[in-house]
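Participant: pasting a predicted model and its sequence here:
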Amino acid sequence: MSTALSIRNLEVSYGQTQVLFGVDLDVNEGEMLALLGVNGAGKSTLLKAICGLLAPTTGSIKLSGEEIAGMRAEKIAPKKISMVPGGRGVFPTLTVSENLRIAGWMSRKDRKQFSSARDYVLDLFPVLRGRSDQMAGNLSGGEQQMLTLAQSFITRPEVLVIDELSLGLAPIIVGGLMSVVRSANQLGTTVILVEQSLNLALELCERAVFMEKGQVKFDGRSYDLAARPDLLRSVFLEGAMPGQQSSSHAERIPSITNSLVLGLPELPNLPDNLEDFSASNDAPQMEDPSPSPPSRPWRPGDPVKVRPLALEALNIGVSFGGILALDNVTLRLHQGEIIAVIGSNGAGKTTLFDVISGFVRPDTGRVLLAGRNVTNWSPSRRSRAGLGRSFQDALLFSSLTVRETIAVSLDRHAYVRDPISLALGFPAARDSEEDILLRSDELIRDTGLSDFSNSFLSELSTGTRRMVDLACSLAHDPEVLMLDEPAAGIAQKETEALGPLILRIRDQIGASILIVEHDMPLIRAIADSVLVLEAGAPIAFGTPADVLSDSRVVASYLGSESAAIERSGSGQ
């Protein structure tokens, strides 16, 4: 069998930071290879070096026997190699048609060839044919990933490298993309797939390469890698937040979060507004509001119905330019409860989070936080009232280090906030800053980020930034915590360790949790209830077991590809 790609002694650095150390790798023609590893192992860096987006420090990269190491990307692309970048790879302010025209730049002088290639990719992704005049930024996440793949396929590559095929996508979308990649491989395309889900990689690829700290640690059959617990382990979250669960919310165990409340003045009492809203008869009915709060704080294991309400989103409706994004959505979250919100890309999940956190004003409905009407409050005011939120894209300060970023997230807990005292370095101000940095170090240690403490966020992998985002969310010490796809971009073993960590967060800091996530084993492990959205409207609500077996949910969201559904866990 001929070798499509041969790499020898490859080393790559970002400035003074070396990322790849003597990587050797051969990929055969027509092979589908899974490139796996812990977050920050250098997988994406290797792909960028192959495609000319990074110049190697030393080493050789041969494509069909031709040396391409150090060659510019625009010189490598015509040699029939194409890359699907991690995350979104489209031009959001251009239409679908314009994105495809740009992707076909190599055949710009041959209209017949370009027209044939465009028809080929539109046949692969027929949904894009009806979206040709839409801005790419207005497409759902799944449609944007389809467009990114279409841009790569339009060049008819002989070698296709894919960075994070399933990142942030619903199972039914991932299943469809898997079928397209399989078909391309069967037609002779060599595929190198970077994927965080071992289960998905095992389904697609017979051979796997595992990287750690910039080196190849395993090269062999995928199923042999699955039997290597010494390699497949949680690096960041293993042992995070140790300790037994407390028996009472009032008696928190010392942890990375309970020491963060440093005498922040209480918010003034605001008038309550508990007007009786009733959901539409057609919408899934949540549990009735709980009775009067019990005389003692809630405890883990208490029935949900006896716990006070922490958050209510009642009859929420939102439209953007005449397009209905949310249609009469009602959700009630009790103290200590975990509710998962799932649905296909574009179903309205993130819009619901935006409404609850104050970034989008609803056209109809109200949001109540611990009984207070916060519908007209700003995001910052809701945050001060105890509402914390992570974002799908891990919006962090790229020019700050990990330690500095987490210190910023602890700002609300600083007991000296006077800028003059801080500028003049008064003793109390220095003590306050030192206390914040100590707590930053504690969060860094307990989320496994010690090796990255002084690294800039711009240097980190997607998964590592996710861990920083989680640490920032914990630093906020929220009463209601909203997590938007926390497992996106992190390795499978980290996802499997994330479930117990979220439960410990819930029990130790007493947070009620809303979570948007596409990893079904994680949802089954932690969620008390699941709300399913489709085209902005609720179609199912109930226990994970009931909801995930609902025929409507299977048809609109889960699909039939087991590896796409069971992205973590045993895959059973």
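Facilitator: Thanks, I have the structure now.

Participant: so Ala407 is in which element?
Facilitator: Assigned by DSSP states H and E, Ala407 falls within helix 402-409.

Participant: residues in contact with that helix?
Facilitator: 396-397, 400, 436-437, 440-441, 443-444, 449, 452-455, 457, 460, 468, 471-473, 475-476 (CB atoms under 8 Å, 6 or more residues apart in numbering). Just so you know, the C-beta spots here come from the backbone N, C-alpha and C atoms, and that holds for glycine as well.

Participant: sort out which of those residues are buried, if you could.
Facilitator: For these, a neighbour count by 16 or more other CB atoms under 10 Å gives the buried set as 396, 400, 436, 440-441, 443-444, 449, 452, 455, 457, 460, 468, 471-473, 475-476.

Participant: narrow those residues to those in helices?
Facilitator: 436, 440-441, 443-444, 468, 471-473, 475 (DSSP state H).

Participant: including distance to Glu212 and pLDDT, could the residues you listed go into JSON lines?
Facilitator: Below are these laid out as JSON lines (distance: CB to CB, whole Å; pLDDT from 0 to 100):
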{"residue": "Ile436", "distance to Glu212": "33", "pLDDT": "85"}
{"residue": "Ser440", "distance to Glu212": "26", "pLDDT": "88"}
{"residue": "Asp441", "distance to Glu212": "25", "pLDDT": "88"}
{"residue": "Leu443", "distance to Glu212": "24", "pLDDT": "85"}
{"residue": "Ile444", "distance to Glu212": "20", "pLDDT": "88"}
{"residue": "Val468", "distance to Glu212": "20", "pLDDT": "88"}
{"residue": "Ala471", "distance to Glu212": "22", "pLDDT": "86"}
{"residue": "Cys472", "distance to Glu212": "26", "pLDDT": "87"}
{"residue": "Ser473", "distance to Glu212": "27", "pLDDT": "84"}
{"residue": "Ala475", "distance to Glu212": "28", "pLDDT": "85"}
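
Participant: ok, the residue nearest the centre of the chain - contacts?
Facilitator: Against the mean C-alpha coordinate of the chain, by CA atoms, centre = their mean, the closest residue is Ala488 at 2.7 Å. The contact partners of Ala488, by CB under 8 Å, 6+ apart, come to 167-168, 392, 462, 466, 518.

Participant: how about residues contacting the lowest-mean-pLDDT helix or strand in the chain?
Facilitator: Between all helices and strands in the chain, the lowest mean by mean pLDDT, DSSP states H and E belongs to helix 419-424, at a mean of 74. Applying CB under 8 Å, 6+ apart, the external contacts of helix 419-424 come out as 416, 428-429, 433.

Participant: what subset of the residues you listed is buried?
Facilitator: 416, 429.

Participant: going by distance to Thr57, which of the contacts of helix 419-424 wins?
Facilitator: Glu433 (38.2 Å; CB to CB).

Participant: give me the angle between the helix or strand hosting that closest one and helix 402-409.
Facilitator: Element membership of Glu433, judged by DSSP H and E, is helix 427-446. Helix 427-446 and helix 402-409 are oriented at 120 degrees to each other (axes from the mean of the first three to the mean of the last three CA atoms, to 10 degrees).

Participant: so Ile61 sits in a strand?
Facilitator: Yes - counting by DSSP: H, G, I helix; E, B strand; the rest coil, Ile61 falls inside a strand.

Participant: buried stuff in stretch 356-376?
Facilitator: Per 16+ other CB under 10 Å, stretch 356-376 contains these buried residues: 356-358, 360, 362, 365-375.

Participant: which parts of the stretch 451-572 of the chain are helices?
Facilitator: 462-475, 492-509, 520-526, 544-548, 551-553, 562-565 (DSSP state H, counting those that start in this stretch).

Participant: which of these is buried the deepest?
Facilitator: helix 462-475 (a mean of 25; mean count of other CB atoms under 10 Å).

Participant: returning to that earlier point: dump the contacts of helix 419-424 to CSV, plus pLDDT.
Facilitator: Formatted as CSV, the contacts of helix 419-424 follow (pLDDT from 0 to 100):
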residue, pLDDT
Val416, 70
Ala428, 80
Ala429, 77
Glu433, 80
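
Participant: for Thr495, state which of the contacts of helix 419-424 is nearest.
Facilitator: Among the contacts of helix 419-424, and counting by CB to CB, the member closest to Thr495 is Glu433, at 35.0 Å.

Participant: ok, now how distant is that closest one from Trp377?
Facilitator: To Trp377, Glu433 is 29 Å away according to CB to CB, to the nearest Å.

Participant: swap in Gly42?
Facilitator: 44 Å.

Participant: sketch out the low-pLDDT regions of the stretch 201-350 of the chain for me.
Facilitator: 233-302, 304-306 (pLDDT under 70).
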